[in-house]
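1. Got a predicted structure here, sequence first:
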Amino acid sequence: MTLIVYHRGGGKSLGLPPNCLRTFRWALERNAPAIEYDTCVCLDADQPLMAVVEPALLTDRDLDIDRLTWREVRSINAGDARHGLVATLAEVLRTLAGRTHQQIHLKGANPLTVPTLLQEVGEGADCLVTSFSLAVLTQVKAGRPGLRIGWLIKPDGSSGSEGSRDLTARMAGARPPPYAAHEVDEILERAKAAGVDCVIPCASRLAGADVVERIRRAGFEVGCWGVGCNLGLAARLIAFGVDRFTIDNPEQLPPQP
């Protein structure tokens, strides 16, 4: 069965704010099997900490995701009527630990990101750490070999941080060409070299189950990103047999048989 991951907490059709505790608690009430959220590092009195924040809120305030302070991030209204402000990763971990699987997405390219993450995420955590950057994921694996990592493949196959850009919004309605065999070969080679556990291609570039099976035969879990609110695309991914994918509106997805 495909693991449905509530992207940024889900609830988009209900107008719930992304990447905040209010939405995560709503997802828990729905018994969400997995919740994905965005994290970035901030400095608090010269000490780093991880924040869980909607990247669009940083862009709206013209904040550089690689040079954030906790003071400026904490002052952002996250759209959470009950809790109001942006949460720390520590707060989110306390809320979700033992209640659902977590997909922790690392944003930005601040060199303090990985060391700070590894300080805050405990051994044996039920989570998958994801990034578009293979360099970041390699650091995670080197620092914590037991922590599972997932590589999100950019539409053009390049590897590097997406900063605060919203690639999901860009790709959900796009129709790029399907993956060619040589592209899949290169993706698998790079994923093996980096110790990746889950290969996460762009959903709209999967034309059939053949690529899914190739990735799985190579020894990887198969995920997908970029579904957005596209229920038709989500249904195709389930039919293709992917292991997991993120979706903004899981509340509108019919139950799996």
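-> Thanks, I have it.

2. Going by C-alpha atoms from here, please, whenever you check contacts or count neighbours.
-> Noted.

3. Buried ones in the top strand by length along the chain, by neighbour count?
-> In the chain, assigned by DSSP state E, the strand with the most residues is strand 34-44. Judged by neighbour count using 16 or more other CA atoms under 10 Å, the buried positions of strand 34-44 are Ala34, Ile35, Glu36, Tyr37, Asp38, Thr39, Cys40, Val41, Cys42, Leu43.

4. Among these, which one lies nearest to Ala181?
-> Among these, Glu36 lies closest to Ala181 (CA to CA), at 29.4 Å.

5. shaky segments in this structure?
-> Applying pLDDT under 70 to the chain picks out residues 80-84, 157, 163-164, 169-174.

6. Torsion angles phi and psi at Ala239?
-> Note on Ala239: backbone dihedrals following degrees, to the nearest 10 are phi -60, psi -30.

7. For it, the count of nearby residues, please.
-> Neighbours of Ala239 under the rule other CA atoms under 10 Å: 12.

8. in the sheet, who's paired with the most centrally placed residue in the chain?
-> Residue closest to the mean C-alpha point of the chain, counted by CA atoms, centre = their mean, is His105 at 3.9 Å. Here His105 shows beta-bridge partners Asp38, Thr130, assigned using DSSP bridges.

9. Isn't it up against Thr39?
-> Yes: His105 lies in contact with Thr39 (CA atoms under 8 Å); the separation is 6.0 Å.

10. hmm, back to that, pull out the CA atoms of the longest strand of the chain and give them to me as PDB.
-> Below are the C-alpha coordinates for strand 34-44, written out as PDB (Å, rounded to 0.1, in the frame of the first residue of the first chain):
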ATOM      1  CA  ALA A  34       2.800  10.500   7.700                       C
ATOM      2  CA  ILE A  35       3.300  14.200   7.800                       C
ATOM      3  CA  GLU A  36       5.900  16.200   5.800                       C
ATOM      4  CA  TYR A  37       7.200  19.600   6.800                       C
ATOM      5  CA  ASP A  38       9.800  22.200   5.900                       C
ATOM      6  CA  THR A  39      12.700  23.100   8.200                       C
ATOM      7  CA  CYS A  40      15.500  25.600   8.200                       C
ATOM      8  CA  VAL A  41      18.200  26.700  10.600                       C
ATOM      9  CA  CYS A  42      18.100  30.000  12.600                       C
ATOM     10  CA  LEU A  43      20.500  31.600  15.000                       C
ATOM     11  CA  ASP A  44      19.200  32.400  18.500                       C
END
